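# Using only what follows, build the 3D model:
(chains A, B, C and D)
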Protein chains: 2
Amino acid sequence: MARTLDDLAELSGVSRATVSRVINGGSVSEETRRRVLEVIEGTNYRPNLAARSLASGRTGVVGVVMHVAPPVLFEDSYFVALLHGVSDVLADRASGMMLWLGNRSKEETLDRILGTGLMDGVIVSADNLDDPLVDGLLASDLPTVLIGHRRSDLTASYVDIDNIGAADTVTTHLIDLGRTRVGHITGRLGSVAGEDRLTGYRRAMQRAGLEPELFVVEGDFTRPTGVAAAAKLLELGVDAIFCANDATASGALERINAAGLDVPKDVALAGFDDLPVASELSPPLTTMRQGVHAQGIESASALLSLLESPEGGPRRVLLPTELVIRQSTVGGLSG
Amino acid sequence: MARTLDDLAELSGVSRATVSRVINGGSVSEETRRRVLEVIEGTNYRPNLAARSLASGRTGVVGVVMHVAPPVLFEDSYFVALLHGVSDVLADRASGMMLWLGNRSKEETLDRILGTGLMDGVIVSADNLDDPLVDGLLASDLPTVLIGHRRSDLTASYVDIDNIGAADTVTTHLIDLGRTRVGHITGRLGSVAGEDRLTGYRRAMQRAGLEPELFVVEGDFTRPTGVAAAAKLLELGVDAIFCANDATASGALERINAAGLDVPKDVALAGFDDLPVASELSPPLTTMRQGVHAQGIESASALLSLLESPEGGPRRVLLPTELVIRQSTVGGLSG
DNA sequence: TTGTACGCGTTATCAT
DNA sequence: ATGATAACGCGTACAA
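Here you go, the predicted structure:
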């Protein structure tokens, strides 16, 4: 089996350069192209990516950076869904995917990513307002696409959703139900999604003439904080709770039930994400669907497009969200 | 900043070859080594892996192959836990990790893995009795470590558990409780774990003088089949069920409760894996703990060891399992 | 259109 | 112990 361009060249009776042109789409006569392709067909030749990298600086390998603590990766299917979407695109259009998780410090991870030299570009999940890893990638010459973004990333390529607007919509939904004591369990403060959803909640409350700070309890996107925060909100006598994500909402639901209260009669409950857990809860959870899988797809597509034509400037994609209304807010309809 | 060996050589006043020796542990005078290391310290030099690969055939990059359908990856934390363990080791001792999921056919995935040429070796989760991807990797010259193995893989490097013995132990535990109509919901037939756990169940039943085929219902490791299979077993009048994994057991528990029966009084229930879901069920699930995270760690260690000293022959690791007894089989003690 | 020849950054061999 | 120098496999000016 032919292993190198030289082998193919010899078999085809042309020079190595010509074979390379056939493979990479250079200008070759139709006749020659046909003959060379025929030879390639009969072999299982695969270009050596290391050599290609050395010669052209490109490998077709893309990096995916999800710098989260392993337990988070473990519990929150958000990241797995993201990875799923990314890999769907890369499997077809890239020659491989390197994965960088949160095993080491951000500085060290950055150092290793930049030092590898095998990746054409990276997709990085940018959760935090302050993130040296993201800063470092953006400052480097490695093409980078962010999943999520900060105000300071406006010149970068990113895929994101309108967290503020979406949170406003959820909160407004609760208010429109006639609830006036609407609480919010925040996401992790310091994260873009956590802060922005809080902003959206405040905006909706203020517009409705409701007090925007009274019923805010800090959470961190995890189920346990949902339980604890819900306890505090119940003491304050809320009649609705908007949780920063579905995991938090599942914890809140547990606490509300434990207090002997009914969802949605006593307390309407809404989440954010629409991960599988949302529809499995009882009652099923009203939530803001963000297509996580779609975010993965779009970010990978954006990066590949960026690599193909860098002159197009940064790619910026804002994906739509969708309010999915279930029985946790309008259960009165069916029961 | 120095980007190449030549830069370092110039800064140190030695030849490129000497710098390379310092980095890779060749024989260099103490004096020279010190001077060169000093120069390296002051720069952020990272060797170009592509060039290294071309020259030596090694990059320090390791592949992780988990050829499962994305939904499975999504729902079953087994794979995430495995990845977690693997990445813990690779983050410290490798220069990167390529991830290969089940987006394409096994044949195509194999082709791409072998064609990449950037990986020193791969870790592959080998679930199936018949697996062209695993066969292809073992037949290739790419160093490979299996997670799980088949009888035909006895000459390969692998990390596994004793599925037969572990299933025997769980089943025997149920029998020792005095249960005589012990059912089994199998894992996916065609998978090694599914088949071997069934074998272990049969062995325990036979040894106890019980009919080994009467109460066997096929499942596929997922929660829905647990529900359906439990319904069949309840019709047969079982007084205990051993499920091939925890996800199946959670489905079975739901069905048993729906039938108005008590666990463990009417039906004792046991699972396999001890993933987080097991202790979250009500009642908490008796299950066979297999250290999935540990399997990830061990498989990565085995591969790195294999790469360092191939002459040591195949690495074979059989990890212990542990029966974790909870209220789903001995609830009588506390209630 | 095609071939020649050089360079990418590293390791390894061979002198010295 | 150290320094030239030849690979490694590919892409691509440049020449023909």
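# Where does the nearest residue to A:Val68 once chain neighbours are set aside sit: helix, strand or coil?
In space, and not counting its chain neighbours, A:Val68 is closest to A:Gly102: 4.9 Å by CB to CB, 6 or more residues apart in numbering or on different chains. Bear in mind the C-beta positions are built from the backbone N, C-alpha and C, glycine included. Counting by DSSP: H, G, I helix; E, B strand; the rest coil, the backbone at A:Gly102 sits in coil.
# residues contacting A:Gly102?
Applying CB atoms under 8 Å, 6 or more residues apart in numbering or on different chains to A:Gly102 gives the contacts A:Met66, A:His67, A:Val68, A:Ala69, A:Pro70, A:Val72, A:Leu73, A:Thr109.
# Take those and keep only those in helices.
A:Pro70, A:Val72, A:Leu73, A:Thr109 (DSSP state H).
# Can you give me the neighbour number for A:Lys106?
The local packing of A:Lys106 (other CB atoms under 10 Å in any protein chain shown) involves 17 other residues.
# An error on my part: the question was meant for A:Leu307.
Other residues lying near A:Leu307 total 17 when counted by other CB under 10 Å.
# wait, is A:Leu306 part of a strand?
No. Applying three-state DSSP, one finds A:Leu306 to be helix, outside a strand.
# so who does it touch?
By CB under 8 Å, 6+ apart, A:Leu306 lies in contact with A:Gly121, A:Pro143, A:Val145, A:Ser157, A:Gly312, A:Pro314, A:Arg315.
# On the pLDDT front, check the fourth one for me.
This points to A:Ser157. pLDDT, A:Ser157: 97.
# Just give me the neighbour total for it.
24.
# Mind telling me what element whichever residue of the stretch 151-300 of chain A sits closest to DNA strand D is part of?
At 22.0 Å from DNA strand D, A:Ala300 is the closest residue in the stretch 151-300 of chain A, using CB to the nearest atom of the strand. Here A:Ala300 is covered by helix A:292-308, with elements defined by DSSP states H and E.
# Tell me the first helix or strand C-terminal of that helix.
Taking DSSP H and E, what comes next after helix A:292-308 is strand A:316-319.
# name the element A:Leu234 belongs to?
Using DSSP H and E, A:Leu234 sits within helix A:223-235.
# The helix or strand just after that helix pairs with which strands, parallel or anti?
Counting by DSSP H and E, the next helix or strand C-terminal to helix A:223-235 is strand A:240-243. With DSSP bridges as the test, strand A:240-243 is paired with strand A:182-188 (parallel), strand A:268-273 (parallel).
# ok now strand A:240-243, how far from the chain's centre?
Here strand A:240-243 is found 23 Å from its chain centre; the criterion is CA atoms, centre = their mean, to the nearest Å.
# which outside residues touch it?
With CB under 8 Å, 6+ apart, strand A:240-243 has contacts from A:167, A:170-171, A:174, A:177, A:179, A:181-185, A:201, A:219, A:226, A:230, A:233, A:249, A:252, A:256, A:267-272, A:329.
# list the buried ones in that strand?
For strand A:240-243, burial by neighbour count (16 or more other CB atoms under 10 Å in any protein chain shown) applies to A:Ala240, A:Ile241, A:Phe242, A:Cys243.
# So which of the residues you listed is the closest to chain B?
Nearest to chain B among the buried residues of strand A:240-243: A:Cys243, at 19.4 Å, using CB to the nearest CB.
# Next, the residues that contact the helix holding A:Leu234 from outside, please.
A:75, A:183, A:185, A:215, A:217-219, A:241, A:243, A:247-256, A:259, A:261, A:267.
# and stretch A:121-129, what's its mean pLDDT?
Averaged over stretch A:121-129, pLDDT sits at 95.
# List the buried residues for it?
With burial defined by 16+ other CB under 10 Å, the residues of stretch A:121-129 counted as buried are A:Gly121, A:Val122, A:Ile123, A:Val124, A:Ser125, A:Ala126, A:Asp127, A:Asn128.
# re earlier: from the contacts of strand A:240-243, which are also near DNA strand D?
Among these, not one lies near DNA strand D by CB under 7 Å from any atom of the strand.
# in the stretch 201-335 of chain A, what spans have low per-residue confidence?
A:332-335 (pLDDT under 70).
# how does it look with 80?
Applying pLDDT under 80 to the stretch 201-335 of chain A picks out residues A:331-335.
# How about the residues of it by chain B?
A:Pro276 (CB under 8 Å from any CB of the partner chain).
# of all of the stretch 201-335 of chain A, which residue lies closest to chain B?
Closest residue of the stretch 201-335 of chain A to chain B, CB to the nearest CB: A:Pro276 (7.6 Å).
# List of residues touching stretch A:86-99?
Applying CB under 8 Å, 6+ apart, the contact partners of stretch A:86-99 are A:49, A:59-64, A:66, A:83, A:116, A:118-119, A:123, A:293, A:296-297, A:299-301, A:304, B:61, B:64, B:70, B:87, B:96-101, B:103-104, B:112, B:115-116, B:118.
# A:Ser191: what's its closest spatial neighbour, skipping adjacent residues?
Spatially, and ignoring its direct neighbours in sequence, A:Ser191 is nearest to A:Asp127 (4.9 Å; CB to CB, 6+ apart).
# re earlier: give me every residue that touches the residue of the stretch 201-335 of chain A closest to chain B.
With contact taken as CB under 8 Å, 6+ apart, A:Pro276 is in contact with A:Ser77, B:Phe74, B:Glu75.
# thinking again about what came up before, quickly note the distance from the residue nearest to A:Val68 to A:Gly13.
To A:Gly13, A:Gly102 is 53 Å away according to CB to CB, to the nearest Å.
# swap in A:Glu195?
Counting by CB to CB, the separation of A:Glu195 from A:Gly13 is 65 Å.
# Between the two, which has more neighbouring residues?
Higher neighbour count among A:Glu195 and A:Gly13: A:Glu195, with 20 against 11, using other CB under 10 Å.
# Let me know the secondary structure of that one.
For A:Glu195, the assignment made with three-state DSSP gives helix.
# Would you mind confirming that it makes contact with A:Leu129?
Yes. Assessed by CB atoms under 8 Å, A:Glu195 is found in contact with A:Leu129 at 6.6 Å.
# list the contacts for the nearest residue to A:Thr180 once chain neighbours are set aside?
Leaving aside its chain neighbours, A:Thr180 sits nearest to A:Leu210 (6.3 Å; criterion: CB to CB, 6+ apart). By CB under 8 Å, 6+ apart, the residues touching A:Leu210 are A:Ile175, A:Thr180, A:Val182.
# Just to be sure, A:Glu218 is in a strand?
Yes. Counting by three-state DSSP, A:Glu218 is part of a strand.
# residues touching A:Leu137, list them.
By CB under 8 Å, 6+ apart, the residues touching A:Leu137 are A:Val65, A:Leu110, A:Ile113, A:Leu114, A:Val122, A:Val124, A:Thr144.
# about what we covered before: what about the residue of the stretch 151-300 of chain A closest to DNA strand D, how many residues nearby?
A:Ala300: 27 neighbours (other CB under 10 Å).
# quick one, strands of chain A?
Along chain A, counting by DSSP state E, strands occupy A:61-65, A:96-100, A:121-125, A:144-147, A:157-161, A:182-188, A:216-219, A:240-243, A:268-273, A:286-290, A:316-319, A:321-324.
# Quick check: which of these is buried the most?
strand A:240-243 (a mean of 32; mean count of other CB atoms under 10 Å in any protein chain shown).
# Alpha carbons of that one, as CSV, please.
Output in CSV follows, covering the C-alpha atoms of strand A:240-243 (Å, rounded to 0.1, in the frame of the first residue of the first chain):
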residue,chain,number,x,y,z
ALA,A,240,-43.2,32.1,41.5
ILE,A,241,-39.5,31.2,41.0
PHE,A,242,-37.4,31.6,37.9
CYS,A,243,-34.3,29.4,38.2
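# Tell me, how many residues neighbour A:Leu189?
A:Leu189: 13 surrounding residues under other CB under 10 Å.
# go on, A:Gly25?
When neighbours are defined as other CB under 10 Å, A:Gly25 has 8 of them.
# same thing with the one 10 residues further on?
When neighbours are counted by other CB under 10 Å, A:Arg35 registers 18.
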